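Colleague: Prediction below, plus the sequence it came from.
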Amino acid sequence: MSRRLAVMARGQAEAVMPMVAAVLAEAGLTIGDLSAVAVTVGPGTFTGIRIGLAAAKGLALTAGIPVLGVLTTEALAHAVPPGQRHGCRVLAAVDSKRAEIWVQTFDSDLAPLGPPAAMTPAQAACCLDGRVVVAGDAAAAVLALRPDWVRADAPLDAGVVAGLAAAGNTHPPQPLYLRDADVTLPGVK
Amino acid sequence: MIVLGIETSCDETATAIVTSDRRILADVILSQTDDHRPFGGVVPEIAARAHLQHIERLTTQAMDEAGLRFDQLDAVAATCGPGLIGGVMVGATFGKAVAFAANKPFLAINHLEGHALAARLSDDVAFPYLLLLASGGHCQLLAVEGVGHYKRLGTTIDDAAGEGFDKVAKMAGLPYPGGPAVEAAARTGDPARFALPRPMKGRPDCDFSFSGLKNAVRLVVETLPKPLSGCDVADLCASFQAAVADMVADRTKRAIRAFPAAKTLVAAGGVAANQTLRATLTQVAAENGLAFAAPPGRLCTDNAAMIAWAGVERFRLGLTDGLDFAPRPRWPLAGGN
């Protein structure tokens, strides 16, 4: 009914609630009209995931409705236009701000071939055979090694996130960090 | 008027509900101290993860304890800085979402203003007053003329007061957090055994310094046999605490002269929970014809009741904030004089 997208490296904490308000207003709805709130749980930027989940949990708790978690990588895969992924496998690649990237692969019907995992772009580049469409903000790192693979045309889309949740493709509404907090015990080298 | 407060700026996840007639209907605090103790200090990423993990449950607990529904709130207040920004973003965003879904105003609270106004919740202190705000991240003397009207008379030129306690605790082999550990050890110690310096004492300004004192403690520790005996640790902590109290007393007397309009001396922040410091400040106030007030310990260390109360104070003045308020890792309460 309504969707918004803003690409930002930072600033989500100030942007997200006005965006929620704008989307509801555009759809002619109030929070009380919603049956659930869907949110991406990762993999992705830790701070970004937390901002999304904090907003979703605050909305849902107050409205008395559930929060539904959706994998960022599944949302990326499902955002690829059907025409583009016809007969192709899909590889969703998310930047982790480290050498490794977060990857989940899907068959041509978008059935996951495994859970999201951390791997190097080189590992990602040889983890699938045949024709592959690559989606996500780490796609360039993979495509640089596999010029024969194709970049997905569509960005991540909150409409896809809501659609996946509505279709029952949900996960616990907890962050999927895939990496422990970076910290070293005193005296441990 | 009933306000929900949310605090996530350091290593306590806290929610509280406070009324404009100074009743605390709920005051929930989850300390993450055990999560951070192995690292000897607060790890920002661990703190941010824990805040998100617990915020929803603790908010439900506060609402249940108060026996309220969200539509019975008048506003939602959340700490929006200063502090560890990953945690601040969790509490601020969650608070905005609750405010929006409940269709209530949102109040973006400066954590320091929470401390600064806490004595008005606990003791109904009238403006104007002189505030010593001493915590893990701060040590400053402020002239408090009204809500939103703060003038900084002096501040630390290096470490915060609580950092001093943490570092001395580490050197003495005591656990994190250092404030309660040093205070407990000092109870049986001789405050006169080690002649530690009183940095800044006698200077005409109202500033603080803890770095030289910390180094002096280190030099003393180097001369003592290892491992330190219980007696040495107690004497070291008592001597350090006495030096801090002496310096703070001197700086506070300067500030009293710099802000003669003050009727009350108020102490706030985690370090203000220290009983030796409170006793010293009580005496300083009495000698200078001022009343003394300090919130009970639970309202001195980080909590959400003070955030909800700052929300009450600001909401009464119509000082509400937009849902686009940007959390601030640094957010001074006042400029210098």
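Modeller: Good, I have the coordinates.
Colleague: in a strand, that's where A:Val41 is, yeah?
Modeller: Yes - under DSSP: H, G, I helix; E, B strand; the rest coil, A:Val41 sits within a strand.
Colleague: the helices in chain A, which residues?
Modeller: Along chain A, the stretches classed as helices by DSSP state H are A:12-27, A:46-63, A:72-79, A:82-85, A:121-125, A:139-143, A:158-166.
Colleague: So B:Lys167 sits against B:Tyr176, correct?
Modeller: No - counting by CB atoms under 8 Å, B:Lys167 stays clear of B:Tyr176, with 10.3 Å between them. (Glycine included, C-beta is placed from N, CA and C.)
Colleague: With neighbour numbers in mind, choose between those two.
Modeller: Neighbour count, other CB atoms under 10 Å in any protein chain shown: between B:Lys167 and B:Tyr176, B:Lys167 has more, with 23 against 17.
Colleague: if I look at that one, how far off is B:Glu113?
Modeller: Distance of B:Lys167 to B:Glu113, computed by CB to CB, to the nearest Å: 27 Å.
Colleague: In the stretch 51-200 of chain B, which residue sits closest to chain A?
Modeller: Proximity of the stretch 51-200 of chain B to chain A (CB to the nearest CB) peaks at B:Ala97, 2.7 Å away.
Colleague: ok, that residue - contacts?
Modeller: Neighbouring residues of B:Ala97 by CB atoms under 8 Å, 6 or more residues apart in numbering or on different chains: A:Met17, A:Val20, A:Ala54, A:Ala55, A:Ala56, A:Lys57, A:Gly58, A:Leu59, A:Thr62.
Colleague: list the contacts for the residue nearest to it when sequence neighbours are not counted?
Modeller: Nearest non-adjacent residue to B:Ala97, counting by CB to CB, 6 or more residues apart in numbering or on different chains: A:Gly58, 2.7 Å away. A:Gly58 makes contact with B:Glu56, B:Thr93, B:Phe94, B:Gly95, B:Lys96, B:Ala97, B:Val98, B:Phe100, B:Ala101, according to CB under 8 Å, 6+ apart.
Colleague: Most neighbours among these, which one?
Modeller: The most crowded member of these, judged by other CB under 10 Å, is B:Gly95 (34 neighbours).
Colleague: between the helix or strand that one falls within and helix A:12-27, how many degrees?
Modeller: Using DSSP states H and E, B:Gly95 maps to helix B:85-102. Per axes from the mean of the first three to the mean of the last three CA atoms, to 10 degrees, the angle that helix B:85-102 makes with helix A:12-27 is 20 degrees.
Colleague: for the record, mean pLDDT for helix B:85-102?
Modeller: What helix B:85-102 shows for mean pLDDT is 98.
Colleague: How far does it sit from its chain's centre?
Modeller: Here the centre of helix B:85-102 is set off from its chain's centre by 21 Å, with CA atoms, centre = their mean, to the nearest Å.
Colleague: Same question for stretch B:209-225.
Modeller: Distance of stretch B:209-225 from the chain centroid (CA atoms, centre = their mean) equals 25 Å.
Colleague: now the closest residue in space to B:Leu30 that isn't next to it in sequence: how far from A:Gly168?
Modeller: Once flanking residues are discounted, B:Leu30 sits nearest to B:Thr13: 4.6 Å by CB to CB, 6+ apart. Distance, B:Thr13 to A:Gly168, by CB to CB: 32 Å.
Colleague: neighbour-wise, which of the two wins?
Modeller: More crowded of B:Thr13 and A:Gly168, by other CB under 10 Å: B:Thr13, with 28 against 7.
Colleague: Fine by me, we can end here.
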